[in-house]
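>>> Here is my input, please return the structure:
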Amino acid sequence: MIKFENFLVLAPLVYIIHHTEEHIIFNFREWRERYFLDNNSLTTEEMLMRLIGVFLIILFIHLSTKNRPSALIAIFFLMGSQVVNAVFHVFFSFYYSDFSPGAITATLLYLPLNYFIIKAAFNEGFLRNKIEVILLFFLGCATFTLFEMFGPAVLAISTLFCAFYYVYSVYIMKTR
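Numbers count the residues shown, from 1 in each chain. Sure, this is the predicted structure:
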């Protein structure tokens, strides 16, 4: 059985493949600007670097500690940046009857990878019940939606909240 941490290591690679579909093969930004406000002043490359950078820090912390709080933060981050992203691409492709660049890799890579991550998290005791998965999904939805509305500051704020959660859980509540 492949371990939770081994699946997590694949997430940055999948970001790169997804980015390739969105911005090298197709033009996601052009598609997005037809239907949504452009609240993200960062280039797509900057956004990719920030997502990968933040996730690599989360991954490093989890690989170093292998505790439940770091696993939940990793899952939350992937829910907001990959799972909800996949739902966004698929839903709005159908809603607007216009292919959303990124829908292919989101469906074929993001969703299966995150399914296996969640399955491994259950097997290793990082997730205890389905309610936690649903809660993490809705937190990811809220974060994704706020990011779409207000831009990159939401990534910084959510990362800060994750740091507070981690310190509180590990050092105050003594969660392992």
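
>>> Now tell me what touches the least confident helix or strand in the chain by mean pLDDT from outside.
For the chain, counting by mean pLDDT, DSSP states H and E, helix 28-35 ranks last in confidence among helices and strands (a mean of 94). With C-beta atoms under 8 Å, 6 or more residues apart in numbering as the contact definition, helix 28-35 has outside contacts at E22, H23, D38, T44, F92, Y96, D98, F99, S100, P101, G102. (Each C-beta comes from the backbone N, C-alpha and C, glycine too.)

>>> what's the closest non-adjacent residue to the last one?
Leaving aside its sequence neighbours, G102 sits nearest to E22 (C-beta to C-beta, 6 or more residues apart in numbering; 4.2 Å).

>>> again, but for the fourth one
With C-beta to C-beta, 6+ apart as the criterion, T44 has its nearest non-adjacent residue at 4.7 Å, and that residue is H23.

>>> do you know how far that neighbour is from N40?
Using C-beta to C-beta, to the nearest Å, one obtains 13 Å as the distance from H23 to N40.

>>> Which stretches in the chain count as helices?
4-19, 28-35, 44-65, 68-78, 84-95, 103-105, 111-123, 130-150, 153-167 (DSSP state H).
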